[in-house]
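Colleague: Task: produce atomic coordinates for the following.
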Amino acid sequence: MRRPGLKNRALAAQIRREAYEVPPDVRAARSAARAQFDLGRLKVAADERVEAARAKLESIDLFSLRQELEDAIAAQSEIDGKLADLQGENVLMAG
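Modeller: Purely as a prediction, here's the structure:
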């Protein structure tokens, strides 16, 4: 019992497989191109982040921020001192 359809299907499958077969050097070139494209996209994103951070940093006045921080720290330490005095007085009153 011969099955000519089976051989024809196998031959057709082999032809399709060979049509999509890619040589290793072409596959390597495609892989390198894909990696280069991905790195290019990542570089553009990183460049945009750097520019945004640089613009944000340049828009901030560091000297006024430093002065504001020093004022806040001074106020904080003054309040801490007053709190410590009050807590000390409460201990003396309770005792």
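Colleague: hey, which helix is longest across the protein?
Modeller: Longest helix in the chain by number of residues (criterion: DSSP state H): helix 24-59.
Colleague: now that one: mean pLDDT?
Modeller: Across helix 24-59, pLDDT averages out at 91.
Colleague: Can you name the element that comes right after it?
Modeller: Past helix 24-59, further along toward the C-terminus, the next helix or strand under DSSP states H and E is helix 62-94.
Colleague: and that following helix, how far from the chain's centre?
Modeller: When distances are taken as C-alpha atoms, centre = their mean, to the nearest Å, helix 62-94 is centred 39 Å away from the chain's centroid.
Colleague: Could you measure from D47 over to I60?
Modeller: 21 Å (C-beta to C-beta, to the nearest Å). (C-beta placed from N, C-alpha, C; glycine too.)
Colleague: what do you get for S31?
Modeller: 44 Å.
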